[in-house]
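Asks: When you get a sec, could you give me coordinates for this:
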Amino acid sequence: MSNWVQAMPTAEAYGLNKVLFQLHHSAGDLARYQDNASAYLDAFALSVAARAAILGNDVAQLYLLGCNPYLLRAHCIGMRIPEDQSLAALRSAARS
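Replies: The predicted structure is shown next:
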């Protein structure tokens with residue numbers, strides 16, 4: 001079994017995917033995140049690296065940490081990250 005980059009999904013990957021799913025599929029969550037992202041993330045058990053990647057919209061790092069590409073794509077759309085930037089980040093992650 002693989003998780004895109006990882007041979008076996010980690011607990012951190014699960015947590016990141018949970019955040020991205022909830023953020024973009026639960027009514028009102030995106031607005032709460034946009035109002036105070038740090039406070040929103042306090043409800044999740046995330047590592048410092050995972051939290052920084054989400055807060056910084058670090059697409060490459062989120063992917064390398066095990067984010068599902070489809071959830072990551074929804075996150076990029078929701079956060080209005082230009083497609084050319086998100087694709088460039090994924091390409092750079094693929095070269096890592």
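
Asks: what are the ranges of the helices in this protein?
Replies: 11-25, 29-35, 37-41, 48-55, 59-64, 69-78, 83-95 (DSSP state H).

Asks: As a markdown table, those helices with mean pLDDT and mean neighbour count would be great.
Replies: Every C-beta, even on glycine, is put in place using the N, C-alpha and C of the backbone. Output for these, formatted as a markdown table (pLDDT from 0 to 100; neighbours: other Cβ atoms under 10 Å):
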| stretch | mean pLDDT | mean neighbour count |
| --- | --- | --- |
| helix 11-25 | 93 | 18 |
| helix 29-35 | 95 | 14 |
| helix 37-41 | 96 | 14 |
| helix 48-55 | 96 | 17 |
| helix 59-64 | 93 | 22 |
| helix 69-78 | 92 | 17 |
| helix 83-95 | 88 | 13 |
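
Asks: Go ahead and confirm residue 60 touches residue 92.
Replies: Yes - if you go by Cβ atoms under 8 Å, residue 60 and residue 92 touch, sitting 5.4 Å apart.

Asks: any idea how far residue 43 lies from residue 60?
Replies: 25 Å (Cβ to Cβ, to the nearest Å).

Asks: repeat for residue 78
Replies: 18 Å.

Asks: which residues does residue 59 contact?
Replies: The contact partners of residue 59, by Cβ atoms under 8 Å, 6 or more residues apart in numbering, come to 72, 76, 81, 85, 86, 89, 90, 93.

Asks: Please name the nearest non-neighbouring residue to the fourth one.
Replies: When you say that, I think you mean residue 85. Excluding the flanking residues, the one nearest residue 85 by Cβ to Cβ, 6 or more residues apart in numbering is residue 59, at 7.5 Å.

Asks: can you check the second one too?
Replies: By the measure of Cβ to Cβ, 6+ apart, the closest residue to residue 76 outside its immediate chain neighbours is residue 86, 4.2 Å from it.
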